[in-house]
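K.L.:
Take a look and give me a structure for this.
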Amino acid sequence: MRKTLATTALALSVLGATALSAMAQETLKIGYIDPLSGGGASVGEVGLKTFQFLAEEVNAKGGIQGKKVEIVPLDNKTNPQESLIQAQKAIDAGVRYITQGNGSAVAGALSDFVTKYNERNPGKEVLYFNYAAVDPVLTNEKCSFWHFRWDANSDIKMEALTNYMKTATAIKNIYLINQDYSFGQSVRTTARKMLGEKRPDIKIVGDELHPLLKITDFAPYIAKIKASGADTVVTGNWGQDFALLLKAAADAGLKVGWYTYYAGGTGGPTAVKQANLNHQVFQVGEGIPNLDNKPSQEFEKAIRAKYDFSLFYPRAVNEMRMLAAAADKAKSIDPVKVALALEGMEFDVFNGGKGNMRKDDHQFFQPIYISSLGERTDKEPFDEEKTGWGWKLVAKIDTPATVLPTTCKMERPN
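P.N.:
This is a model prediction of the structure:
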């Protein structure tokens, strides 16, 4: 009896392993490593649903090289160390592609982890697709062959933003407020440098760093901004750190111009409307819903019909579609072959126009847009968060004008 039971258990174990192996062969798993709990959960959940929506789009067209795409959610709590635990967990489950976006400190840790893992495990390589972490070092001194970034880095965005701001003669006094980690520090440093070069007449009347996703009441910070006499605020804040900052501004009756990276994130548009900042809040990014581009508007209608949010990540669309295109070009889903196919790839981007993945550093370049949030006209069909207000195009920067040099000295696999 014992022998029979042992034989049966062994047979079941072998069958189970065989079934799992077969399932893995039929599926291309993408590990989504982002906050699904804690202060960053609101943006993490939106990102997860966006990637799941995109996986459905790809699967409806036959998948990637005949493989069904599965998004595997992994909660990193916006913590670098937890992200590495989740990355290893994903790899142990057969994942060879991971994607992440919220938090450049997390991105730096993941890029380093994946690079070292691939050095130790030839033939089992993993690719890291970055859809939103924008610290410039990731495609400069800390670049990696195994890391690809689809979002414009913060220097590219600040270049576009300050080029627009230099023409706004009403700007005299600026207050900088940012999250105290690599990205926020980069925003403040680059803003000071570029504004100093382009508008030396502008005064920086305040420069504040605060803990990431830990402040629940920004009233003391808003009081400092009011006392400084600032007429404009520049911030890279995202998630609840932007929404709560604007809520405190509304409560205090602060009426200034805001130049932002992520005002469109969850809760942001609602806070802008509550503060009654009609077309006084500007955002720089790779697209907005209200662009005159039929394919992106049709996609916008579809995602809004399924989820109660707008498309905040056009770059995620570019990422998933380029993954499929690279796999088709390589005729393989092997990460090394896909990486080589992605290098230098030109692509028709989601919001229209041409983009390209620079081979030198794996930074994607695409048109950049500056927009303001407020009352809509007939040319702006989509509102945000049921506020009745929507994004209006203010300026467009074509792809060639967004290109900045890189200091990347990339080590490539043999």
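K.L.:
Mind giving me the packing neighbours of the helix or strand where Val106 lies?
P.N.:
Here Val106 sits within helix 104-120, counting by DSSP states H and E. In this structure, helix 104-120 packs against helix 80-92, strand 97-100, strand 127-130, strand 147-149, helix 182-198, with contacts taken as 3 or more C-beta pairs under 8 Å, 6 or more residues apart in numbering; DSSP states H and E. Where you see a C-beta, it was placed from the backbone N, CA and C, and this is true even at glycine.
K.L.:
among the ones you listed, which is nearest Leu244?
P.N.:
helix 182-198 (15.2 Å; C-beta to C-beta).
K.L.:
pLDDT below threshold where in the stretch 51-200 of the chain?
P.N.:
For the stretch 51-200 of the chain, applying pLDDT under 70 flags no range at all.
K.L.:
ranges for the strands of the stretch 251-400 of the chain?
P.N.:
For the stretch 251-400 of the chain, the strands defined by DSSP state E, counting those that start in this stretch occupy 257-260, 281-285, 346-348, 354-357, 364-365, 368-375, 389-397.
K.L.:
can those strands go into a markdown table with extra columns for distance to Leu311?
P.N.:
Below are the strands of the stretch 251-400 of the chain laid out as a markdown table (distance: least, C-beta to C-beta, whole Å):
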| stretch | distance to Leu311 |
| --- | --- |
| strand 257-260 | 18 |
| strand 281-285 | 11 |
| strand 346-348 | 17 |
| strand 354-357 | 17 |
| strand 364-365 | 17 |
| strand 368-375 | 14 |
| strand 389-397 | 11 |
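K.L.:
which one of these is the most hemmed in?
P.N.:
With neighbours taken as mean count of other C-beta atoms under 10 Å, the strands of the stretch 251-400 of the chain reach their highest mean count in strand 281-285, at a mean of 25.
K.L.:
mind checking which of the strands of the stretch 251-400 of the chain is nearest Pro295?
P.N.:
So among these, strand 346-348 is nearest, using C-beta to C-beta, at 9.2 Å.
K.L.:
Does the closest one pack against any helices or strands, and if so which?
P.N.:
Helices and strands touching strand 346-348, by 3+ C-beta pairs under 8 Å, 6+ apart, are helix 314-330, strand 354-357.
K.L.:
Name the strands paired with the last one and say parallel or antiparallel.
P.N.:
Right, strand 354-357. Paired neighbours of strand 354-357 in the sheet (DSSP bridges): strand 346-348 (antiparallel), strand 364-365 (antiparallel).
K.L.:
Can you give the contact residues for the first one?
P.N.:
Read that as strand 346-348. Here strand 346-348 makes contact (C-beta atoms under 8 Å, 6 or more residues apart in numbering) with Asn318, Arg321, Met322, Ala325, Lys354, Gly355, Asn356, Met357.
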